[in-house]
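>>> missing the sequence, but the structure's below:
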């Protein structure tokens, strides 16, 4: 039974919750991230998200240690995306790392295409496309006033002068506007191959099918143009499991 | 929201009567030794720090090697994309100090910003990406120096996982075989701010500005000193060895004053996902827990930090906060930009300060920099580009 009086997921079968919990627990990193909890609250005091959200790294440590699958499912859907991933919670005197437990929980949420994960990442998908296709997470051309209205008039100035101002930056690798620096095509393809070999494209498909389709079309055309056989880059983690 | 008055804020003592000593072996592993053992077993190749190097003390006393030169600059997405003067200043410092370095095109992002924002990845992919970059550095003949605090933190996590999980090493080996690249990991994971710290006396020797009237607050980046803490550089002479020495050591060497404030350990509020799609959180945290605290307790001329996300969040969050009449208005830049300015770097051509949000002019005036003349010089160069007279501003023009 969930610790929350207003528990929302009573209709979800306990088997579903247990299976997701077991997947988190089975991650090789998990055993080194959770050792128990004194309930001292140091992690909460250090946590930025705890100050602005109904969020507590201590609750994560406690619930996971107790293997309370009902509350785990609440956290997985309603709390996990509030974490700042700053790892301030590693101040824990028991050497717990609630932030790293949350990283695994998010991975499981994405792998299962949970609706809450889709919602949390809805506006973020275009960034996934940027990193996977260019090898850089953000680019100068993202500095648009309609995307960053709260960053002030400087953003407008940058976007209006972007091409010239980028060419006013001395390092030769940084005259780019669509990627943060000039990543060679060969290197971008190598990165894409790593995503393919490790099953990441399948994760993207579960979160945003549209982005997945565009990404696959653009990158695989590029691979073919460069003489690669895409069949050589099937998910090797599945091979590993077999 | 109520303003917090300065007299209600707890100010920690800056000097302690207690001498902190390490009596016991550190509660940590020596990852470098473990990498060498894996190398002996034929599992991977360890790239050695090139000589000569500087030796610095880390949190639990292990000595860390920081190379002078032959460095492969693992650039940062946010720095290159949105704060271009950050990366430029790092390169400029290398050039001024006469060091050989490499600015690669065969480097990708570590992709950790995406990983911490969306988890649309896994350990094998993240380790594969790290090792591909490190292998490329070895192939290029240079030693990696990491510009981004999150890349640095994530690569430390990756190293820990590669050491502890044979299955991960097997997966990475398969990836590297498929890419026809060697499995290489560096002996040390070096952050650029450690290199700046190691070079601070040389930087101070070449200083052209008197900074004795400048007060600085320092924000240490979470992924530098909280994520796998063992690698971070500490110094017994700075904060009794109780806080990381990077940035503060440089500020002291340059003769400026480090002002202490109570929330130095707090995050900036970046949040990875939040800064892109949920900035109300980032802005609230950065303003109320960092900038306002600094203003009330120190009222610094500038705040310095050493990571992409921290510069972005602390700087950009201040604009909208003015609408709520918050006590903001502190210029934010990196330690590398501050060091470069101190050595006479151009504020717009090298440090590219026009990409920052908070008004830098009062700071520049206090530092003795003629910003009007400097901006006019920048505009001349921009006009030459527009007119097709030159394609780019070259390093030679920036060095002049």
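That came through, no problem. Just so it is clear, the structure is predicted and the values come from calculations on it, not from any experiment. Numbering: from 1, shown residues only, chains lettered A, B, ... in the order given.

>>> how close does residue B:212 sit to residue A:79?
The gap separating residue B:212 from residue A:79 is 49 Å, by Cβ to Cβ, to the nearest Å. In this view, the C-beta of every residue, glycine as well, is placed from N, C-alpha and C.

>>> more crowded one of these two?
Counted by other Cβ atoms under 10 Å in any protein chain shown, residue B:212 and residue A:79 do not tie: residue A:79 has more neighbours, with 21 against 9.

>>> contacts only, for the more buried one.
Taking Cβ atoms under 8 Å, 6 or more residues apart in numbering or on different chains, we find residue A:79 in contact with A:53-55, A:59-60.

>>> before we move on, what SS does residue B:144 have?
Look at residue B:144: counting by DSSP: H, G, I helix; E, B strand; the rest coil, its state is strand.

>>> wait, isn't it in contact with residue B:70?
No. Counting by Cβ atoms under 8 Å, residue B:144 stays clear of residue B:70, with 10.6 Å between them.

>>> which one's more surrounded, those two?
Neighbours were counted for residue B:144 and for residue B:70 using other Cβ under 10 Å; residue B:144 has more, 28 against 16.

>>> where does that one land on pLDDT?
Note on residue B:144: pLDDT of 98.

>>> quick one: it from residue A:140, how far?
Residue B:144 is 24 Å from residue A:140, by Cβ to Cβ.

>>> any idea how far chain B is from residue A:182?
5 Å (Cβ to the nearest Cβ, to the nearest Å).

>>> that residue touches residue A:169, doesn't it?
No. Using Cβ under 8 Å, residue A:182 is not in contact with residue A:169, being 11.6 Å away.

>>> mutual contacts of those two, please.
residue A:175.

>>> more crowded one of these two?
Neighbours per residue (other Cβ under 10 Å) separate residue A:182 from residue A:169, with residue A:169 holding more: 24 against 19.

>>> would you mind listing the residues in contact with that one?
Residue A:169 neighbours (Cβ under 8 Å, 6+ apart): A:175, B:84-85, B:88, B:352, B:393.

>>> what do you get for residue B:46?
Residue B:46 neighbours (Cβ under 8 Å, 6+ apart): B:35-36, B:38-39, B:184-187.

>>> near chain B, anything from stretch A:137-146?
Yes. Stretch A:137-146 is in contact with chain B by Cβ under 8 Å from any Cβ of the partner chain, via A:137-140, A:142-143.

>>> so how far is residue B:118 from residue A:125?
From residue A:125 to residue B:118 the distance is 9 Å (Cβ to Cβ).

>>> so which of these two has more stuff around it?
residue B:118 (26 against 19).

>>> surely the more buried one meets residue A:126?
No. At 11.5 Å, residue B:118 does not count as touching residue A:126 under the criterion of Cβ under 8 Å.

>>> thinking again about what came up before, emit the PyMOL select command for whichever of the contacts of residue A:169 are buried.
Provided next is the PyMOL selection string for whichever of these are buried by 16 or more other Cβ atoms under 10 Å in any protein chain shown:
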select buried, (chain A and resi 175) or (chain B and resi 84+85+88+352+393)
